[in-house]
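K.L.:
Sequence and predicted model, in that order:
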Amino acid sequence: MPKRWTDVLLLLILLMLLAGGCQTAEKKPLENQPQEQTGITASDRRILADQLSRLATEVEGVQKATVVISDITLAENGGNGSNGSNNNDTIGAEADISGMIVMIGISINEQADAEQVKPKVRDKLRNSDERISQVLVTSDPELVKKINEVAAGIIKGEPITEHEMNIKQLGKEFKASNPAF
């Protein structure tokens, strides 16, 4: 009889171990990529920037385009206002730019007129994605260089928030140079 109890006890222990081993451990949710205010992940931001850059180079006269996508409010006073529906071609001194903002630096071939090319690029990009509230276009070599630097950091995988100060500075410089947007 004791042998039988030992067998039953071992069988029960084995069943408990099997039952316990079959349970799936509580899975932690996969860490999502951080999303900005517009709900776009860093990966999606890089993909969209690449698509917009390619669209811009389709405009006649554009040789190269670099895009930075931001949803950081660009305002000197750090305000929360939005002019996402503003279709004016100049930024008022007190205006905020918020929503999904596309900053694009373009290189234009010598035969093209920058003042005719920039509005075409702006319109093409703005019409390509309804999430875009503003498109800031420049062909100024200094601004293009700064856009390239920010874009390079983002491509390396650095979060957009690490470039917030540079992006805000770019916004101020765009205001100062009155680009087509």
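P.N.:
Yes, it's here. Since the model is a prediction, treat every value here as computed from it, not as a measurement. Numbering: from 1, shown residues only.
K.L.:
the strands in this protein, which residues?
P.N.:
Here the chain has its strands, by DSSP state E, at 62-70, 100-108, 132-138.
K.L.:
Make JSON lines from the ones you listed and add mean neighbour count and mean pLDDT to it.
P.N.:
In this view, the C-beta of every residue, glycine as well, is placed from N, C-alpha and C. Listed next are the strands of the chain as JSON lines, based on neighbours: other CB atoms under 10 Å; pLDDT from 0 to 100:
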{"stretch": "strand 62-70", "mean neighbour count": "22", "mean pLDDT": "92"}
{"stretch": "strand 100-108", "mean neighbour count": "25", "mean pLDDT": "92"}
{"stretch": "strand 132-138", "mean neighbour count": "23", "mean pLDDT": "90"}
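K.L.:
Output these in JSON lines; the columns should cover distance to residue 159.
P.N.:
Formatted as JSON lines, the strands of the chain follow (distance: least, CB to CB, whole Å):
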{"stretch": "strand 62-70", "distance to residue 159": "12"}
{"stretch": "strand 100-108", "distance to residue 159": "16"}
{"stretch": "strand 132-138", "distance to residue 159": "21"}
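K.L.:
Nearest to residue 157 among these would be which one?
P.N.:
Among the strands of the chain, the nearest to residue 157 by CB to CB is strand 62-70 (14.7 Å).
K.L.:
tell me what the closest one is packed against?
P.N.:
Packing contacts for strand 62-70, counted by 3 or more CB pairs under 8 Å, 6 or more residues apart in numbering; DSSP states H and E, involve helix 42-57, strand 100-108, helix 114-128, helix 141-155, helix 164-177.
K.L.:
Report the inter-axis angle for the second one versus helix 164-177.
P.N.:
Counting by axes from the mean of the first three to the mean of the last three CA atoms, to 10 degrees, strand 100-108 points 60 degrees away from the direction of helix 164-177.
K.L.:
And stretch 133-149, how far out from the chain middle?
P.N.:
15 Å (CA atoms, centre = their mean, to the nearest Å).
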